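*Asks:* Okay, sequence plus prediction incoming.
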Amino acid sequence: MILDGKNTAKLRNDILKNKIAEDTKQYRAPHLAIILVGSHPASLSYIKGKLRAAESIGMKATLHHYQEDVSSEEMYQKIKALNHDQDVDGMILQLPLPKHLDEEMLTSTIDASKDADGFHVLNQGRMYQGKPNIKPATPYGMMLLLEAYNIDVKGKHAVIVGRSNIVGFPIARLLMDMGATITVCHSKTKDLAYHTKQADILVVSVGRKHLIDASMVKEGVVILDVGINKVDQKLYGDVNYDDVYEKAKAITPVPGGVGPMTIHALLLNTYHLYENHVKIIHK
Ligand code: NDP
């Protein structure tokens, strides 16, 4: 079974579109502000996808595009201004940033109530404590994809390869919340294949083309491949899709798997923030 993120995201985006059409009879449209520094081709392409998706569902999306040599101070002031802008519900700072900018300081300047990516320590802290929160977009998107295909993770062994703050670590928490037993692997893990072969559910978020092949997975595994690796203008996942396809019960393609679901989760987060800002205030 192919876990079709593109189609699932489209279906879910259509539902969001209808909700926004209803809401805008009464309130202003939700608004996502995107800050981009420089013109890194991958970032430009991600941003284009996010802007297009937002606009397609009736969400206002504005791009604040800065030159590569913008100062930390100017970025800081911009984020502060967007924090105070009553018209903005969600904000994202497209990463990576140029080396001279303090990524940690700038991302944590985004107000938790406008944190569309779900990266803010307050939102992540709430998630780790099991409290209602805005979830990191990629893990959230993956959970929604599993739900869409009725894949029950309860009692399953989920092995996660990669422990980043934006993917590996939070997806471990979300899967554990749903009743899975978790193993998290990383660059220091000895005998990676020993662990991946035990996975009922395998999440791979490393950034290395075809790190995982058929010899490293068991029959019937469900695979979520987060990796995006561009080689000779073509995109590849961290999992060798063709090699593992026969063994896997379900797998996300790259592209068209986790990526579109990440964008959907970003829009959904923005919509939740909008509900807090506009709808609750007007109740
Ligand atoms: P990071 O670079 O932040 O983290 C990579 C992780 O992989 C680290 O935990 C690292 O371990 C681990 N790792 C590196 N080499 C190995 C190895 N040989 N064996 C096992 N683990 C290893 O990555 P992200 O999670 O941010 O992103 C990973 C990939 O996913 C990238 O290709 C990125 O482009 C893509 N991505 C895709 C998204 C989507 O929407 N589809 C969203 C976000 C990311 P250690 O901690 O020990 O260094």
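*Replies:* Cool, the structure landed.

*Asks:* average pLDDT for the longest helix seen in the chain?
*Replies:* For the chain, the longest helix by residue count, based on DSSP state H, is helix 5-23. Taken as a whole, helix 5-23 has a mean pLDDT of 98.

*Asks:* quick one: low-confidence ranges for the stretch 1-150 of the chain?
*Replies:* Nowhere does the stretch 1-150 of the chain drop to pLDDT under 70.

*Asks:* For it, which segments count as strands?
*Replies:* With DSSP state E, counting those that start in this stretch as the criterion, the stretch 1-150 of the chain has strands at 31-37, 60-66, 90-93.

*Asks:* List the strands paired with the second one, with their directions.
*Replies:* Same thing as strand 60-66. As defined by DSSP bridges, the strand partners of strand 60-66 come to strand 31-37 (parallel).

*Asks:* any residues touching the partner strand, and which ones?
*Replies:* Identification of contacts with strand 31-37 by C-beta atoms under 8 Å, 6 or more residues apart in numbering yields 43-44, 47, 50-51, 54, 59-68, 70, 75, 78-79, 82, 85, 87-94, 97-98, 101, 116, 266-267, 270, 274. Glycine gets a C-beta too; all of them are placed from N, C-alpha and C.

*Asks:* Check stretch 104-123 too.
*Replies:* 32, 72, 75-76, 79-80, 82-83, 88-93, 95, 97, 124, 127, 133-137, 140, 165-166, 170, 266, 269-270, 273, 276-277.

*Asks:* need the residues of the stretch 51-200 of the chain near the ligand, please.
*Replies:* Neighbours of the ligand within the stretch 51-200 of the chain, by C-beta under 6 Å from any ligand atom: 138, 161-164, 166-168, 185-189, 192.

*Asks:* out of those, which are inside strands?
*Replies:* Counting by DSSP state E, those place 161, 185 in strands.

*Asks:* Any quick ChimeraX command for the buried ones out of the residues of the stretch 51-200 of the chain next to the ligand?
*Replies:* Here is the ChimeraX command that selects only those of those that count as buried (16 or more other C-beta atoms under 10 Å):
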select :138,161,162,163,164,166,167,168,185,192
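
*Asks:* Farthest pair within the residues of the stretch 51-200 of the chain next to the ligand?
*Replies:* By the measure C-beta to C-beta, Thr138 and Lys188 form the most distant pair in those, at 22.5 Å.

*Asks:* quick one on the thing from earlier: compute the inter-axis angle for the longest helix of the chain and strand 60-66.
*Replies:* 110 degrees (axes from the mean of the first three to the mean of the last three C-alpha atoms, to 10 degrees).

*Asks:* packing partners for helix 5-23?
*Replies:* On a contact count with 3 or more C-beta pairs under 8 Å, 6 or more residues apart in numbering; DSSP states H and E, helix 5-23 meets helix 41-56, helix 137-148, helix 258-274.

*Asks:* The last one - contacts with which helices or strands?
*Replies:* With contacts defined as 3+ C-beta pairs under 8 Å, 6+ apart, the secondary structure elements packing on helix 258-274 are helix 5-23, strand 31-37, helix 41-56, strand 90-93, helix 137-148.
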